[in-house]
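Enquirer: okay, structure incoming, though there's no sequence with it:
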RNA sequence: GCGGUAGUGGUGAAGUGGUUAACACACCGGUUUGUGGUUCCGGCACGCGUGGGUUCGAUCCCCAUCUACCGCCCCA
């Protein structure tokens, strides 16, 4: 008798109808908005060759070193479940030769789908999580940096999130970064003993990450650190200035923060975060989007020297945010008509009735359990039915049925033949109800 | 990977080393009501995350394990 009870794997979730309807809404909002910006959807594999991610994210990032879901398949291939979206998109861009001259540049893409990271789950942070992201490939224009930021802001505002903060920074080009890296190390070295252990380890490997340490002492030290913005080469500086001009022109309220750094190593030039304040995501300001430019990545994957810029949004966190901020979200679908029947003989007619209603484009449901009328009314209420059609032995004999408006309680008797041909004339559209 | 808190029915939860594991909501059945949102009555955990152990006996004690939540790391 006692069968084994299964639990879903750690860090995964079952999205039940009450939730999935909200996800659909958010995804649909993204699709519509992104399409206004002329971004089209791309669907790449959920797993890729391990090296696709190892190559792009960089060896210093934890995403590669300890969070990757990787395994050998039966052909002894080293496979990894995608931990983020950009690498796969860039791989597809190169493999499908989308860099070719026949394709307009920038080549604008967005994606929606599951990502995987092996880490300790917390609310809004799953091992299988979902991201919506965009990538614009093949243009170095700073206008695109600004557009991508604007699009992220637009998206959140469309969803009804208002208290947003945009933080931007520039990492410059390779040369800028190397110069700065050395300067930063030189600055931090004398403070080595005061740094947190994590930061001490990062000092040589990836000193920029010391900048966004959460350790209070680290933050004190870092406050006096040189700014990367003072180390930008002329070209990088020019790009950075233009990005700001565009952002100003679009009226985007942003803040320059030299301590903003990104976790993945492929970023350069403009990087940004969109933050919001919500207790659902922790204390103070929390990041809901991160993104930036990654100009070397296409060539890293064997394509030509082509630029890229994009961002990714974590959907689990976004849903938590929308719920806690009481942003408008759809509830369960309303049922147009519930068909109740009483007596064995009416069963067939009820079956035909729901099909006929559906063929008019209305949603319809019925009782399948031969329950009493009262129970059927209860169910109709629970399903939020707008109308109910009841048919009993007597109605069947007369070839008619009762149509009841559940909101007003008004009931009318209608011939079956009439219902089958002119049902829409008896049904108010939901808009007319002024809900 | 590290630290902390928790795990009783569909849900919220009470509870004790020892006969039938409170209560509420939900649900189901009946009743009342003009065919629903009302009233009243009844039903609903052979089981207390899982596996071991201690004990005459454990949901309640011990160990392990799984999962969730919070913090760190990291990041979306």
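Expert: Yep, that arrived. Please read these numbers as outputs of a predicted model, since none were measured by experiment.

Enquirer: could you list the domains of chain A?
Expert: A:17-173+A:233-324, A:176-229, A:335-433 (automatic domain parsing).

Enquirer: so for the longest one, mean pLDDT?
Expert: Along domain A:17-173+A:233-324, the predicted confidence averages to a pLDDT of 91.

Enquirer: close to RNA strand B, is it?
Expert: Yes. In this structure, domain A:17-173+A:233-324 sits against RNA strand B according to CB under 7 Å from any atom of the strand; the contacting residues are A:61-63, A:66-67, A:84, A:117, A:119-126, A:129, A:131, A:262-264, A:282-283, A:287-290, A:312-314, A:316-317. Any C-beta I mention is one placed from the backbone N, CA and C, and that applies to glycine too.

Enquirer: cool, and the last one?
Expert: Yes. Against RNA strand B, domain A:335-433 shows contacts by CB under 7 Å from any atom of the strand at A:340, A:369, A:371-375, A:377-382, A:388, A:390, A:402, A:404, A:406, A:409, A:411.

Enquirer: can you flag which of the residues you listed belong to strands?
Expert: In strands, judged by DSSP state E, the following of these are found: A:340, A:388, A:390, A:402, A:404, A:411.

Enquirer: the first one bridge partners, please.
Expert: Meaning residue A:340. Applying DSSP bridges to residue A:340 gives these bridge partners: residue A:390.

Enquirer: cool, and the last one?
Expert: Taking DSSP bridges, one finds residue A:404 as the beta-bridge partners of residue A:411.

Enquirer: contacting residues for it?
Expert: Residue A:411 makes contact with A:402-405 under the criterion CB atoms under 8 Å, 6 or more residues apart in numbering.

Enquirer: likewise residue A:340?
Expert: Taking CB under 8 Å, 6+ apart as the criterion, residue A:340 is in contact with A:350, A:366-367, A:373, A:376-377, A:380, A:388-391.

Enquirer: drop anything exposed from these.
Expert: Taking 16 or more other CB atoms under 10 Å as the criterion, what is buried in the contacts of residue A:340 is A:350, A:366-367, A:376-377, A:380, A:388-391.

Enquirer: dump those residues to CSV, plus pLDDT.
Expert: Compiled in CSV, the buried ones among the contacts of residue A:340 are given as follows (pLDDT from 0 to 100):
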residue, pLDDT
A:350, 91
A:366, 92
A:367, 88
A:376, 91
A:377, 90
A:380, 90
A:388, 93
A:389, 93
A:390, 92
A:391, 91
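
Enquirer: quick one: which of those residues is nearest residue A:238?
Expert: Nearest to residue A:238 among the buried ones among the contacts of residue A:340: residue A:380, at 66.6 Å, using CB to CB.

Enquirer: return the residues in contact with that closest one.
Expert: Neighbouring residues of residue A:380 by CB under 8 Å, 6+ apart: A:335, A:338, A:340, A:388, A:406.

Enquirer: kind regards, and thank you for your time.
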